[in-house]
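Colleague: Curious how this folds, go ahead:
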Amino acid sequence: MAEIVVYTTTPCPYCTAVKRLLAERGLPFAEINLAKDPEGRAELAKRTGMRTFPQVLVNGRLIGGYEETRAALLSGELDELLAAA
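Modeller: Purely as a prediction, here's the structure:
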């Protein structure tokens, strides 16, 4: 099964929204909250090139934030990535 990891911070309404989006579809995910981890935030930004939250990765591949994840769900791209795992 594919691994979905959601990097979040608090407070973050888009983080809440993307977690709800995944949960409503029954997609299990691991959440890593970097609110109190500036080194972790810097490392994630270096790895993904994104500084905003949330950041959703599927099997280590960056999908993006809330809008990109929603678009991937609507287009079927996320299902394809999950099926390929």
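Colleague: just so I have it, where are all the strands in the chain?
Modeller: Chain-ordered strands for the chain, with DSSP state E as the definition, fall at 4-8, 30-33, 55-58, 61-64.
Colleague: Looking at the ones you listed, which one is packed in the most?
Modeller: A comparison of those by mean neighbour count, using mean count of other Cβ atoms under 10 Å, puts strand 55-58 on top with a mean of 24. For every residue, glycine as well, the C-beta is placed using N, CA and C.
Colleague: tell me which strands and helices the helix or strand bottoming out on mean pLDDT in the chain is in contact with?
Modeller: For the chain, the helix or strand with the lowest mean confidence is helix 77-84, at a mean of 88 (criterion: mean pLDDT, DSSP states H and E). Using 3 or more Cβ pairs under 8 Å, 6 or more residues apart in numbering; DSSP states H and E as the contact definition, the elements that helix 77-84 packs against are strand 55-58, strand 61-64, helix 66-75.
Colleague: Redo these as a markdown table? Include distance to residue 26 and mean pLDDT.
Modeller: Formatted as a markdown table, the entries for those read as follows, by distance: least, Cβ to Cβ, whole Å; pLDDT from 0 to 100:
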| stretch | distance to residue 26 | mean pLDDT |
| --- | --- | --- |
| strand 55-58 | 15 | 97 |
| strand 61-64 | 17 | 96 |
| helix 66-75 | 12 | 96 |
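Colleague: Could you dump these into JSON lines with distance to residue 47 added?
Modeller: As requested, those are exported to JSON lines (distance: least, Cβ to Cβ, whole Å):
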{"stretch": "strand 55-58", "distance to residue 47": "9"}
{"stretch": "strand 61-64", "distance to residue 47": "8"}
{"stretch": "helix 66-75", "distance to residue 47": "16"}
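Colleague: of all these, which lies closest to residue 11?
Modeller: Checking these against residue 11 by Cβ to Cβ gives helix 66-75 as the closest, at 14.3 Å.
Colleague: hmm, who's touching the closest one?
Modeller: 14-15, 17-18, 21-22, 25, 54, 56, 63-64, 77-79, 81 (Cβ atoms under 8 Å, 6 or more residues apart in numbering).
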